[in-house]
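Peer 1: sequence first, predicted model second:
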Amino acid sequence: MSMWEETKKFIKQTGEKLGLSQGIIERLIEPEMVYEFTIPLKKDDGSLQVFKAWRSQHNSLRGPYKGGIRFHPEVNEDEVKALSALMTIKCAVVNIPFGGGKGGVRVNPKELSERELELLSRAYSAKIAPFIGQDKDIPAPDVNTNPKIMGWMHEEYEKIKGVKEPSAFTGKPVCKGGSKGRVEATGYGGVVVLEKILNLKSQILKLDGSPTIAIQGFGNVGYHFAKFAAERGFKVVGVSDSKGAVYVEDGLDPEATLKCKNEKGTVAGCYCKGSVCDVRFGKTISGEELLELPVDILVPAALEGVINESNMKRIKAKVIIEMANGPVTKQAHDYLTKKGVLIIPGILANAGGVVVSYFEWIQGRQGWRWGKEEVLTKLADVMKKAAKEAWELAIEGRVSLKEAAYLLGVRRLAENLV
Ligand code: NAD
């Protein structure tokens, strides 16, 4: 089942549980608008290449559409629709006044020069400019897009519109109106949720000493998750990226590992403990082996569908925190939940990014700048509240945490239709 089919199924089942009519359920499932277009790009060698691109505006019942833009060779319409629907639910779970949106370009950005990447980003922004804006649809970064790209897109948007509109994009560089704390927000928010849930669950699940963690994906989300988790006494023993993985039994140093990855181009071979990197500390493993490590907590922070029918029986973690969007398929979720694995859903766990995007949107509109401490403190409050609400619903309704988070989000959405 594709992620879009799975997401639709989750919303449908939740709607039925809440006693919503079929009409309302359909209203909550189908995107309000999906734009599909092409972007012709003149390459450095003079040739022309055409890229397919999308923007899905899923639901605006609670506010303007909000969601990232992904650059990836596997982007497709169904994926963009699914990710936009997850944004709708996510914004409702953390109770911020946005709906859901998502965009993407089917491209491998690693094959583009810096100049080509800038041209593509500006062209994407020009295509969606008529349909977005700070009260309509506010894009942000996602996989393979970053503050620099948001800066280009935002600049292009303002040029076309002929106005200054600071909150039309979020995830911008801080010097161009971005919020302090946005870069680390998703990883930090995930660690806050993890701690809160472990705390609430402490009578049922005891993790001894410093619980061990393995993280798939060492990009923005995975690195910051590792950094904050290590600072709070968790032991990060394994990390992976698209080119390989490392295992350091005594716990690795996330900052030294990032420095090593930046030098080598991959985490494979980065055996960094206590800021020293030495081959004696660890071993190189495959990305698949990383997912199956005997750790307390597994953190998929790369792409969707990575824990599925083919590997679910070999997963040994007691807790899985979905930092990517949709990394655990429905089949794997049901199987692992039945086995007693606690799965903290992405619509709760990875909402930190959109919460700080919301703070950036407020700061842009107010012409005001908040300090990083202020941002992270406010973020932690929002994440802890949402985690507690979802947890209580799960206990009360005797459902999994994922089902409870859907109940929380879908109920808030449906309140706008009665
Ligand atoms: P990123 O591009 O910064 O990093 C992605 C990382 O995943 C890279 O290290 C890449 O090498 C790695 N990766 C790719 N394929 C892999 C594979 N097969 N095995 C192991 N590693 C692999 O992206 P990001 O912003 O960190 O986003 C990661 C995930 O988190 C995505 O699913 C995204 O939708 C989700 N997310 C991101 C944010 C955010 O604020 N950035 C917010 C919410 C959710």
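Peer 2: Received it, and whenever you're ready, just let me know what you need.

Peer 1: so the residue nearest to S400 when sequence neighbours are not counted is in which element?
Peer 2: The shortest distance from S400 to any residue that is not its chain neighbour, by C-beta to C-beta, 6 or more residues apart in numbering, is 4.8 Å, and that residue is T337. (Each C-beta comes from the backbone N, C-alpha and C, glycine too.) In this assignment (DSSP states H and E), T337 forms part of helix 330-338.

Peer 1: enumerate the residues of the stretch 151-300 of the chain near the ligand.
Peer 2: Among all residues of the stretch 151-300 of the chain, those adjacent to the ligand (criterion: C-beta under 6 Å from any ligand atom) are 186, 216-222, 240-242, 287.

Peer 1: residue farthest from the centroid of the chain?
Peer 2: Relative to the mean C-alpha coordinate of the chain, counting by C-alpha atoms, centre = their mean, the farthest residue is G46 (35.9 Å).

Peer 1: distance of that one from E116?
Peer 2: 12 Å (C-beta to C-beta, to the nearest Å).

Peer 1: same question, L401
Peer 2: When distance is defined by C-beta to C-beta, L401 is 43 Å away from E116.

Peer 1: quick one, which of the two is more surrounded?
Peer 2: Higher neighbour count among L401 and E116: L401, with 22 against 17, using other C-beta atoms under 10 Å.

Peer 1: am I right that the more buried one is in contact with A390?
Peer 2: Yes. Counting by C-beta atoms under 8 Å, a contact exists between L401 and A390, whose distance comes to 6.0 Å.

Peer 1: identify the contacts common to the two.
Peer 2: A shared contact of L401 and A390, defined by C-beta atoms under 8 Å, 6 or more residues apart in numbering, is any residue touching both; here these are L348.

Peer 1: count the neighbours of the residue in the stretch 151-300 of the chain positioned nearest to the ligand for me.
Peer 2: Distances from the stretch 151-300 of the chain to the ligand, computed as C-beta to the nearest ligand atom, single out G219 as the nearest residue at 1.8 Å. The burial metric for G219, expressed as a neighbour count using other C-beta under 10 Å, is 17.

Peer 1: need the contact list for it.
Peer 2: By C-beta under 8 Å, 6+ apart, the residues touching G219 are 143, 241, 301-302.

Peer 1: repeat the analysis, applying 10 Å as the threshold.
Peer 2: 143-144, 146, 187, 241-242, 261, 301-302, 324 (C-beta atoms under 10 Å, 6 or more residues apart in numbering).

Peer 1: now the residues you listed in TSV, with pLDDT, secondary structure and neighbour count?
Peer 2: Shown next, in TSV, are the contacts of G219 (pLDDT from 0 to 100; DSSP: H, G, I helix; E, B strand; the rest coil; neighbours: other C-beta atoms under 10 Å):
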residue	pLDDT	secondary structure	neighbour count
V143	91	coil	21
N144	93	coil	20
N146	93	coil	15
G187	98	helix	28
D241	96	strand	22
S242	92	coil	13
K261	95	helix	22
A301	98	coil	30
A302	95	coil	21
A324	96	coil	23
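
Peer 1: any low-confidence regions in the protein?
Peer 2: Low-confidence segments of the chain, defined by pLDDT under 70, span residues 203-208.

Peer 1: helix/strand/coil for the closest residue to G238 other than its chain neighbours?
Peer 2: Once its chain neighbours are removed from consideration, G238 has its nearest residue in A214; the separation is 3.9 Å (C-beta to C-beta, 6+ apart). Taking DSSP: H, G, I helix; E, B strand; the rest coil as the rule, one finds A214 in the strand state.
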